[in-house]
Every structure is written in C-alpha cells, then in structure tokens.
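Asker: Sequence first, then the predicted structure:
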Amino acid sequence: MLYRLKNMSARLFVVNMRTALAVHLFSRAKDAGMVTEDYVWIATVALGNVVDGLSPDDIDNLQGILTLRPYVQGTSLARFKARFHLENLNTDRVHTPSVLLFRAYNTAWATCIAAEIAGVSRLAIRVAEIDLSRHGLSANRRVFLDSILNTTFDGLTGDFRMVNREVQPPSYEIVHVNRKGALGVGLWTPPLSLQPQKLSRKGYSFDNSRRSVFWREDTVRTSKGREKTGFPLNLDTKHSLNLESKRRNARKLVGGRSGKLCRSYNEKLLRIGVPQKDGFKAFVNVSRPYFFCKDNATRPSTTKQVTGYIIDVFETAMEKLQHPPCYDFCVFDGSYDELVGNVSLGILDGAAGDVTITANRTGQVDFTMPYTQSGVSLLVLSESDLEPIQWTFLAPLTKELWFATVGFFFFTGFVVWVIERPRNPEYQGSSLRQFSNASYFIFSTLTFSHDHIIRSLLSKIAVVIWCFLVLVLVQSYTASFSSILTAERLHPTVTNLDQLLVNGDYVGYQHNSFVYSMLRDRGFSKHRLIPYSREDEYADALRKGSMNGGVSAIVDEVPYLTSFLFSDARYQNEFQIVGHIYKTPGLGFVFPQGFPLLHNISTAILNITEGNEGSQFEEKWFGTAATTPTVSNKPSTPLTLQSFSGLFLTSGFFSSLMMLISIMRLAHARWTELRHGDADPMDNISGDEEFRQLHPEA
C-alpha cells in the first residue's frame, strides 16, 4: 500500500492509529523512502500523547511528522519535576512523563480534593453499598460525585474543570518531531483557530509567530507536502517561500518541457503516456526526436515535440490546477487497451491521448470528464443523383396537395358557372360551350391572363379569393422546383451496418481502435475487417470499394470522421457520415484509480470546453470550417397540403357562400314569378343591363 501511495501525486497523509501500529507504519514508511522532505505526515493526538515516551529509534522513524498533544505549562512541569525528585531521592534521572501520566495525575489530584471537600472520612459507607446495580446511588456517594464535578484547580495540563460531566478540552500544542525530539511550533485552543502565542519552556522553543516546520537538519527549505508547494505554519514572509512565484515558474515549465524544476525540488515526475499515431495528427502529433515509455523512465524529454489538440487541452487543464504536478510525456507504441493496462499496473502515471471511455476500461482506471463528445458512425462514399427525371415537375407538391389543387380548380369553375350562367351570355349556349368557357376561365387564373368578363359581384368575390390562393401556391411551387433542379442531390452508397454484414462487404477501421472489438461482436469476420491509420488511406480505400481491394465503409468515432471530412475540401462532397451506430461517453484522459487530482482536472476540462479556449483549440487544429455549422445541400422537401389548408378552407368557404347566395336569389325570383303569374323583373334584365346598373360609370 505504501508503494502504491508513493506512485501517486499526493504527498500529505493523515495518520490516526494506535501507538504501536503507528510506530510500525512509520518504520515501514522510512524503509520505503517516504519519511523525507517530499512528504508531510500529520498524526492525530493518539500519537502525540505518547511521543515524549518513545524510544530514540522510534523518534528517528518519526522525524518530520506533525502531531498534537495537550499543552502542559512550563512552570507546572518544572515544579512537578522538582517535587518528584525531592520525594524520590534514589532516582538518578527524572524522565519527562507523557501527557497520559499528567492526566492520570490530575485525575488522582481531583479525587483527593473532592474527597477532602466532601469529608469522605466522616461518611459512613458500608461495603454492601458498593453494589450500585442493587442499591443505586446512595446519598453519601452522591455527595462525593457532586464534589468531583465541582472541583476546579490549576493542573499540569491547564485548568481542571468538569463541564457536562466531562473534563474541559485543553489547549493543544502543535508538535514537530525531529532528531532533537518533539518541538512545539504553535498552540491551538478549540474551537478557535491557530493563534500565535508567546510561550517559553525549557527544552522547547516558541516565539511571537508560528514557526516554520523544518526537516532533519533544519534546512532552509520548507516541507512541501504537494509538488511545487510549501507547507508553512507561519505568517512571517521572510522565513517562508514565495508560493505564487513558485507556482508561476512551475506553470512555465509544466508539460514536460523541462525536468529541471522537478529535480531541484525532488518532486515525483509523472510519466504520461502518449499514443504513437501515424495519422490524424491534429489530435496527437509526436515528432522526432522522442523516447519511448519502455526506454528511460526518468530521463526528461527536453528535445521531443508533442503537439496536437489533445495535448493543448491536457497542458491547459494542468496549468489551471492550483498546484500543478510535474510531468513528462513519453511515447507509447501499442494499442489503446495496452496503454490503459500500463496505467492500471502503475507502469505509467497517466495517459494523454485520444482514449475512448468504455465500460471495460473504467474497471481498470479512472477517466477524467470527456473533453470531446464521441460515438461511432459510418463513413461512406457519396453518389450524385443528377440524372433528369421525367416527372420531376410533380416533386414540389405532395400527392394530396396535387389532388386538392385540381379539385379546387374545378370547384371554383363550377361556382363561377352557377353564378354567371343566368345573366352572362359567355356561360350560356350548348353544354360543351358552357363547360369549355368555365374551365378555360378558371385555369387561366394560374397565369392571371383570364379575359372573360364576370359580371356578378358574387362571382368576383369568389374569384379574388381564389386568385390569392393561386398566387401563393404558384410562388411556392416555383421556389421549390428551382431548388430541386439546381441543388446537387447526394445520397450515401451504404446506409447502415446491417447492409454491410448481409452483403459481405469489407469494412475499414482505425488501427488499434476499440472499434475492431465492437465490429467482431456485431458478427463481422476477421478477414473482412481492414485497419487503416491515415486520412489518405481512408479516402483511397473508399474510392476503390470492396470489389477492387478497398472497403465499402469506414467505421470510426465521430471526432475522427469529422476531422477527416474537413481535412480536405474535396472530401465533403465525396464522402458522407451516416448513422450513429454506437454511443460512447467521449474521449478522456487516463489516470490510476484513486488519483487525487482527478476531480480537479475534470473541473479544469469543463472550464476549457465551456469557455473560449476550447473553441480556439478546435479552430487551431481542425480549422474554422470544422467549428462552423454546415448548411445541408439537400433539396427542399415537397410542399404539403397542411401548409395550405388555411387558404383552401377560406377559398372553399367564400365560394360556397357566394354560390349559396346566388342560388337563393334565383330561387326567390322563380318563386315570385310563380306567385304573381308573371315574369320576374330580374329575368327581363339582360346581363349587359345588370352590369350597367352595378357599374353606372362604365
């Protein structure tokens, strides 16, 4: 466990154990090289109570730790030692007792004082009363108990006082253990915070400010406890390190560009594996010279060049940490599963690459929040559909809209004929003449070239509303038809994964990707799967096709396919991304399970992706076109009946209303004629005379 903790970036540990177990732990920690200036150990009061009574060998194992113990006043301790020496003259040397002995002494002293106050010698306490379970608390013992609870005196560990039947918490002394022993560096009084105190005691050193915690030889450097960070307990800036200056220097050297800062402060150098890729350089690009992860585990790669979108996100996320760790990149030549396995085994401290978050991998390592969304899709060849179609002119309107339009043409023509026939000579004569004139008039409204005169006000109202509907319909038809004729119609050669499986086509995938396992699980045979590494290989394989030594489709994650399409302007018209056949959380950085900075790095990644930095990185490596929403080149969809239902209902309503009014007028005239036995005056009015009456100015 200690060696596993040593490989982690955490350098501050809190120990809460029994004395024997804690001493054994620090002995093993010293053997593991963890009791040094690179680590901070804080032990609870359980060890601080007995630290003065430990052997020199145990003290040597505890050098550098911080702990707490109840504060013992120096004057009280000196008086106790002098009195103990007078009462025990045969003792050559008086050892400093532990805090537990001080507490036992205070307890005995409180008991004596309480007994003296309560007059225990005068109390008649029988032996039979000792059995509290049978007799309860007698009056004599109650008096004695009340005396103890009310006893107060100045003890060795401070004021002895009972509060709620418990001893009042003492002030605690912050103790630092070095080869000289346990030295006090501050005073803490619960529930208050750490306060500077003016203290003095033989064998201990205090001043007006809290002291810095020094190591073994009291060197000038302060203990870190975390990489690049001091751990001062004082507020005196002339004795402490300039932490902000150190942090700025650390950020300048972060990212593996130099190992000088790490070596000078003996910090653990995190080895971050970067996958070696032959293609998709925008994600991760490793240019020579570089060293492999299996070569030198400690030599910093000051001359290597590791760049790419993923590296920029990783370095920026590390820089955003309050205490950025020191790390260096090494190139890993292997599959992504092998890279994850090396991190899980502790061979690598992390991985900064395009590693997909999958369920199998999360059982071995921890992932940060994804820095890009992902998923698996098909990349296929596009076919252009530019051949002329005989019935293309019907495409702008749906079948329902065509039927409705033709039906309303005849209905409106019928309405005009019903209204105009009794009065307009143009709509009189033989049945064929009436039908042809009415049909010609109503269809001529498509081009607004109708020259037949309609004389009834009712028919004019119906025709005006119908012409408005025709105007809207003709304009919409023209726009949609133009779009169909001018737009390039591209459709994919393959639409789904099952089609490839049934046809027995060859399928490509990215080398070392988890997509291979996914395709094998879907039923694809091994000899039908062909790995590729570069963008140009993708294009060549798709152009050849399965019949000519290529593939029918490339199955890969969406970020790679998107990067492929925008890597060359020709690819956008030649290839298409089809479907979404597999969902993944995205790409993330890999760290061992329990890595303490994982949450902080994930928070930094969210700040990057949600802010302007993420967009800037995408534009830098993938171009502006990749971050701009693309406009679809698909032709417009056919116009539906629902889009014009309001106009059809309006035209039908008014046409029916006008026809109904005309029929009612005609019926009224006939009824009047039959009633009076003579002709109705309206029948004697010709169409021209009615027109002149309605339009006297004509």
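Answerer: Structure's in. What do you need? Keep in mind that this is a model prediction, so the values were computed, not measured.
Asker: Please, where are all the helices along the stretch 1-150 of the chain?
Answerer: 2-6, 19-31, 45-48, 56-61, 74-87, 99-118, 132-135, 139-149 (DSSP state H, counting those that start in this stretch).
Asker: Just the mean pLDDT for the second one, thanks.
Answerer: The predicted model assigns helix 19-31 a mean pLDDT of 87.
Asker: just how off-centre is the longest helix along the chain within its chain?
Answerer: For the chain, the helix reaching the highest residue count under DSSP state H is reported as helix 641-676. For helix 641-676, the gap between its own C-alpha mean and the chain's C-alpha mean amounts to 66 Å (CA atoms, centre = their mean, to the nearest Å).
Asker: Tell me the helices and strands packed up against it.
Answerer: helix 399-420, helix 457-486 (3 or more CB pairs under 8 Å, 6 or more residues apart in numbering; DSSP states H and E). Placement of C-beta: from N, CA and C, glycine included.
Asker: pull the CA atoms of the first one into PDB?
Answerer: This points to helix 399-420. What follows is helix 399-420, C-alpha atoms only, in PDB (Å, rounded to 0.1, in the frame of the first residue of the first chain):
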ATOM      1  CA  LYS A 399     -49.800  13.800 -53.900                       C
ATOM      2  CA  GLU A 400     -52.500  15.100 -51.600                       C
ATOM      3  CA  LEU A 401     -51.800  18.700 -52.400                       C
ATOM      4  CA  TRP A 402     -52.000  18.000 -56.200                       C
ATOM      5  CA  PHE A 403     -55.400  16.400 -55.800                       C
ATOM      6  CA  ALA A 404     -56.600  19.200 -53.600                       C
ATOM      7  CA  THR A 405     -55.400  21.800 -56.100                       C
ATOM      8  CA  VAL A 406     -57.000  20.200 -59.100                       C
ATOM      9  CA  GLY A 407     -60.300  19.600 -57.200                       C
ATOM     10  CA  PHE A 408     -60.500  23.300 -56.100                       C
ATOM     11  CA  PHE A 409     -59.900  24.400 -59.700                       C
ATOM     12  CA  PHE A 410     -63.000  22.500 -60.900                       C
ATOM     13  CA  PHE A 411     -65.000  23.500 -57.800                       C
ATOM     14  CA  THR A 412     -64.200  27.200 -58.300                       C
ATOM     15  CA  GLY A 413     -65.000  26.900 -62.000                       C
ATOM     16  CA  PHE A 414     -68.300  25.300 -61.100                       C
ATOM     17  CA  VAL A 415     -69.100  28.100 -58.600                       C
ATOM     18  CA  VAL A 416     -68.400  30.800 -61.300                       C
ATOM     19  CA  TRP A 417     -70.600  28.900 -63.800                       C
ATOM     20  CA  VAL A 418     -73.500  28.600 -61.400                       C
ATOM     21  CA  ILE A 419     -73.400  32.300 -60.500                       C
ATOM     22  CA  GLU A 420     -72.800  33.700 -64.000                       C
END
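Asker: Would you mind listing the buried residues in it?
Answerer: Neighbour counts over helix 399-420 (16 or more other CB atoms under 10 Å) mark 401, 404-405, 408-409, 411-420 as buried.
Asker: ok so, going back, out of the helices of the stretch 1-150 of the chain, flag the one nearest residue 485.
Answerer: For residue 485, the closest of these is helix 2-6, at 69.6 Å, according to CB to CB.
Asker: Report how many residues lie close to residue 471.
Answerer: 14 (other CB atoms under 10 Å).
Asker: Could you look up the SS state of residue 523?
Answerer: coil (DSSP: H, G, I helix; E, B strand; the rest coil).
Asker: pLDDT weak spots in the stretch 351-500 of the chain?
Answerer: 384-389, 448-453, 486-490 (pLDDT under 70).
Asker: Quickly list the domain ranges of this structure.
Answerer: 74-167, 243-374, 392-487+640-694 (automatic domain parsing).
Asker: can you list contacts of the host helix or strand of residue 607?
Answerer: Per DSSP states H and E: residue 607 is located in helix 598-610. Helix 598-610 is touched from outside by 313, 316-318, 320-322, 366, 368-372, 589, 591, 614, 617, with contacts defined as CB atoms under 8 Å, 6 or more residues apart in numbering.
Asker: Which of the residues you listed fall in helices?
Answerer: Counting by DSSP H, the contacts of helix 598-610 contribute 313, 316-318, 614, 617 to helices.
Asker: what residue ranges in the stretch 151-300 of the chain score low on pLDDT?
Answerer: The stretch 151-300 of the chain contains residues with pLDDT under 70 at 156-158, 168-170, 190-267, 288-291, 294-300.
Asker: Can you tell me the closest non-neighbouring residue to residue 493?
Answerer: residue 381 (4.9 Å; CB to CB, 6 or more residues apart in numbering).
Asker: Can you give me the buried ones in the helix or strand encompassing that neighbour?
Answerer: Applying DSSP H and E as the criterion places residue 381 in strand 376-384. Of the residues in strand 376-384, 376-382 count as buried by neighbour count, 16+ other CB under 10 Å.
Asker: repeat for stretch 167-187
Answerer: 167, 170-178, 181-187.
Asker: What of stretch 14-33?
Answerer: Neighbour count says stretch 14-33 has 15, 19, 22-23, 25-27, 29-30 buried, by 16+ other CB under 10 Å.
Asker: Make JSON lines out of those residues and add distance to residue 585.
Answerer: Converted to JSON lines, the buried residues of stretch 14-33 look like this (distance: CB to CB, whole Å):
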{"residue": "15", "distance to residue 585": "37"}
{"residue": "19", "distance to residue 585": "47"}
{"residue": "22", "distance to residue 585": "42"}
{"residue": "23", "distance to residue 585": "46"}
{"residue": "25", "distance to residue 585": "39"}
{"residue": "26", "distance to residue 585": "42"}
{"residue": "27", "distance to residue 585": "44"}
{"residue": "29", "distance to residue 585": "38"}
{"residue": "30", "distance to residue 585": "43"}
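Asker: just the strands in the stretch 251-400 of the chain please.
Answerer: For the stretch 251-400 of the chain, the strands defined by DSSP state E, counting those that start in this stretch cover 270-275, 285-287, 305-307, 327-332, 350-356, 366-367, 376-384.
Asker: Distance to residue 447 for these - can I get that in CSV?
Answerer: Below are the strands of the stretch 251-400 of the chain laid out as CSV (distance: least, CB to CB, whole Å):
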stretch, distance to residue 447
strand 270-275, 67
strand 285-287, 64
strand 305-307, 65
strand 327-332, 73
strand 350-356, 61
strand 366-367, 67
strand 376-384, 34
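Asker: Minimum distance to residue 143: which of those strands has it?
Answerer: Using CB to CB, the nearest of the strands of the stretch 251-400 of the chain to residue 143 is strand 366-367, at 63.3 Å.
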